[in-house]
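Visitor: Fold the following, please.
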Amino acid sequence: MTRHLFITAAFALAAVAIALASGSTYRRGALAGAGCASVTAFASLLLMGRGARASKPLQAALLVMVVMFLVRIIVVALGTAVVWRAGESIVAYIIAFFVPYVIFAAIEGWYLHGLPRGSGPTA
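Guide: Got it, this is the predicted structure:
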């Protein structure tokens, strides 16, 4: 778990650094997008780690992944509204959210792949 959190932290720092390096008209929207993606990625991994102690760790982690996907949909919608009301770049927000999200989702999938699958009947 710590390896996945470390890699997530490295990508989160890179996303925020790239957002900071963007032009002044895009910076605040990009920072909001990168920040939202990073926070939800950390929350997802931490909750998956907590669910890994359950009797069925893979099912618990999959449930966390589904719930966090729905949370991310709400975060994108609310973040887009906030960025729009602030007069910032919505495109920068969306790009800065979804590009790191793809990487974070891959890390979450990698974590899921390493969980024990349990001993049930095979198909």
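
Visitor: how close does Phe97 get to Gly79?
Guide: 7 Å (Cβ to Cβ, to the nearest Å). For every residue, glycine as well, the C-beta is placed using N, CA and C.

Visitor: Tell me which of the two has more neighbours.
Guide: Using other Cβ atoms under 10 Å, the more surrounded residue of Phe97 and Gly79 is Phe97, with 26 against 22.

Visitor: circling back: quickly list what's touching both of Phe97 and Gly79.
Guide: Counting by Cβ atoms under 8 Å, 6 or more residues apart in numbering, the common neighbours of Phe97 and Gly79 are 33, 36.

Visitor: So the most centrally placed residue in the chain versus Trp84, what's the distance?
Guide: Residue closest to the average C-alpha location in the chain (Cα atoms, centre = their mean): Ala41, at 2.9 Å. Separation of Ala41 from Trp84 (Cβ to Cβ): 24 Å.

Visitor: centre of the chain versus the lengthiest helix in the chain, how much separation?
Guide: If you go by DSSP state H, the chain has its longest helix at helix 57-85. Remark: helix 57-85 is offset 8 Å from the chain centroid, using Cα atoms, centre = their mean, to the nearest Å.

Visitor: Flag every buried residue along that helix.
Guide: Within helix 57-85, the residues that qualify as buried by neighbour count (16 or more other Cβ atoms under 10 Å) are 57-58, 60-61, 64-65, 68, 72, 75-76, 79-80, 83.

Visitor: So which other helices or strands are in contact with that helix?
Guide: helix 27-51, helix 90-113 (3 or more Cβ pairs under 8 Å, 6 or more residues apart in numbering; DSSP states H and E).
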